[in-house]
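A.B. asks: Give the three-dimensional model of this entry:
(one chain, ligands or ions: 1)
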Amino acid sequence: MNNIQLSDFRRRLRRWFHHNRRDLPWRRSSDPYTVWVSEVMLQQTQVNTVVPYFERFVEKYPDVRTLASAELQDILKSWEKMGYYARARNLHAAARVLANNGLNNVPPDLDAFRELPGVGDYIAAAVFSIARDHPVAVVDGNVKRVLSRLFLIDLPISTSAANREFKGAATRLLDRRRAGDFNQAMMELGATLCRPKRPLCDRCPVSPHCEAFPVGRQAELPVRARRRAVPKYHVAIGIISKDRRILITQRQPTGHLGGLWEFPGGKVRPGESPQDACAREIEEEVNLCVEVTDYLIHIEHAYSHFKIGVDVYACTYTAGDVKLQGPADYRWILLDEIDEYPFPGANHKFLDLVKQRLRDAR
Ligand code: SF4
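C.D. replies: Just a heads-up that it's a prediction; the model follows:
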């Protein structure tokens, strides 16, 4: 695009965004902390899902100091079922770094912000441009889709060559005097009109500048690398009852689902029955002998890189004292206490059934 075309592109986009921006709760404030929380949540989660989580979160943790002084378990509870819990752990860790340095908001310096746990190029650019109009381009999945179609960029989308291309194109397009609105407008365009399937090109404000539209190549772009097959694991877990209490264990604080609570169990080995796997895993993990008494339910759950099929069993404690091999902590809890603990989404697929069965057994 030459300078005249660039000016026209920005003017069209600006005008469209002014009239069509969605009224989202994080857009009602330019507080950098609030923008930061919203961008962290939006990184892996759909807007409609994020809205209630965001509203509850900023009400409970309105600033960096409040977040820093909270217990991680309470924060994970606020994040429960939204997934990608490393985001919450990193946000909490970053808030603690800031609070320890006497700050109650995003630091004034972008490089200092970029050093915090969980703050990558995307979060840093989004927060600094949206909250402070810092002239830096934001490139997320929506923006990549728009750019790939605008400029017929057909490099596989997640390669470093493509990322350089997208960053360069976004930086050339950026309206440096209104970086926050420009970046939000590009993301909004990708989310609402330049959609992955059936983009609404007839309503697109920048269609006169789009290279894919006149040649009908929108559906081909962006180019995605072929996905690897996702492995699936068979898992058996046990709800162990002892004296009207049940055993829950806490995962190690880092890694997949770090810090969340669950029921003991693990992968079924080839040739092993799920009942035997349940008893064996419990003995290995928490050093208890149990009798596997009832089959409760089978659930399926998909994570980003693997899937699990889970057989859930009711178990009765028979012998042993808890000694942990793997989990970070454990509790024998009453049924009424279960909602105080954050559990992974897979567990929520059978928690209601477990509660009902335990109530019936009282
Ligand atoms: S014209 Fe269509 S493909 Fe091109 S940017 Fe607009 S919505 Fe996307």
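
A.B. asks: what does the stretch 101-250 of the chain have sitting close to the ligand?
C.D. replies: Counting by C-beta under 6 Å from any ligand atom, the residues of the stretch 101-250 of the chain close to the ligand are 146, 149-150, 193-194, 199, 201, 204, 206-207, 210, 212-213, 218. Yep, even glycine has a C-beta here, placed from its N, CA and C like the rest.

A.B. asks: Please report which of these has the highest neighbour count.
C.D. replies: residue 146 (30 neighbours; other C-beta atoms under 10 Å).

A.B. asks: still on that earlier bit, strands - which of the residues of the stretch 101-250 of the chain next to the ligand land there?
C.D. replies: Secondary structure from DSSP state E places none of these in strands.

A.B. asks: Got the phi and psi for residue 308?
C.D. replies: Dihedral pair for residue 308: phi -130, psi 150, per degrees, to the nearest 10.

A.B. asks: how much space is there between it and residue 252?
C.D. replies: According to C-beta to C-beta, to the nearest Å, residue 308 stands 18 Å off from residue 252.

A.B. asks: And residue 355, by the same measure?
C.D. replies: From residue 355 over to residue 252 (counting by C-beta to C-beta), the distance is 26 Å.

A.B. asks: And for residue 324?
C.D. replies: 10 Å.

A.B. asks: OK, contacts around the residue nearest to residue 263 when sequence neighbours are not counted?
C.D. replies: The spatial neighbour of residue 263 that comes closest, neighbours along the chain excluded (C-beta to C-beta, 6 or more residues apart in numbering), is residue 237 at 4.7 Å. Residues in contact with residue 237 (C-beta atoms under 8 Å, 6 or more residues apart in numbering) are 262-266, 278, 281, 310-313.

A.B. asks: Just the ones in strands from those, please.
C.D. replies: When these are checked against strands (DSSP E), the matches are 262, 265-266, 310-313.

A.B. asks: Compare residue 308 and residue 252 and say which is more crowded by neighbours.
C.D. replies: Applying other C-beta under 10 Å to residue 308 and residue 252 shows that residue 308 carries more neighbours, namely 16 against 13.

A.B. asks: check contacts around that one.
C.D. replies: Counted by C-beta under 8 Å, 6+ apart, residue 308 has contacts 232-235, 300-301, 346.

A.B. asks: Could you verify that the residue nearest to residue 263 is part of a helix?
C.D. replies: No. Counting by DSSP: H, G, I helix; E, B strand; the rest coil, residue 237 is not part of a helix but strand.

A.B. asks: any idea whether the residue of the stretch 251-362 of the chain found nearest the ligand is helix, strand or coil?
C.D. replies: For the stretch 251-362 of the chain, the residue positioned closest to the ligand under C-beta to the nearest ligand atom is residue 304, at a distance of 26.3 Å. At residue 304 the chain is in coil, as set by three-state DSSP.

A.B. asks: Begin at 2 from now on, thanks
C.D. replies: In the new numbering, first residue 2, that becomes residue 305.

A.B. asks: I'd like to know how far it sits from residue 223.
C.D. replies: 19 Å.

A.B. asks: Between these two, tell me which one has more neighbours.
C.D. replies: Remark: of residue 305 and residue 223, residue 223 carries more neighbours, 20 against 9, as counted by other C-beta under 10 Å.

A.B. asks: Does the more buried one lie in a helix or a strand, and which?
C.D. replies: For residue 223, there is no host helix or strand (DSSP states H and E).

A.B. asks: I'd say it and residue 151 touch.
C.D. replies: No. Residue 223 is not in contact with residue 151 according to C-beta atoms under 8 Å; the separation is 11.1 Å.

A.B. asks: which other helices and strands contact the longest helix seen in the chain?
C.D. replies: In the chain, assigned by DSSP state H, the helix with the most residues is helix 4-21. The contact analysis (3 or more C-beta pairs under 8 Å, 6 or more residues apart in numbering; DSSP states H and E) places helix 4-21 against helix 161-174, helix 180-193.

A.B. asks: That helix and the ligand, are they touching?
C.D. replies: No. Using C-beta under 6 Å from any ligand atom, helix 4-21 stays clear of the ligand, with a minimum separation of 10.0 Å.

A.B. asks: Show me what counts as buried in that helix.
C.D. replies: For helix 4-21, the neighbour count (16 or more other C-beta atoms under 10 Å) marks 10-11, 13-14, 17-18 as buried.

A.B. asks: Can you list the low-confidence ranges for this protein?
C.D. replies: Along the chain, the model assigns pLDDT under 70 to residues 363.

A.B. asks: Can you give the domain ranges for it?
C.D. replies: The chain breaks down into these domains under automatic domain parsing: 4-221, 233-362.

A.B. asks: I'd like these written out as TSV, with distance to residue 227 added.
C.D. replies: Shown next, in TSV, are those (distance: least, C-beta to C-beta, whole Å):
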stretch	distance to residue 227
domain 4-221	9
domain 233-362	15
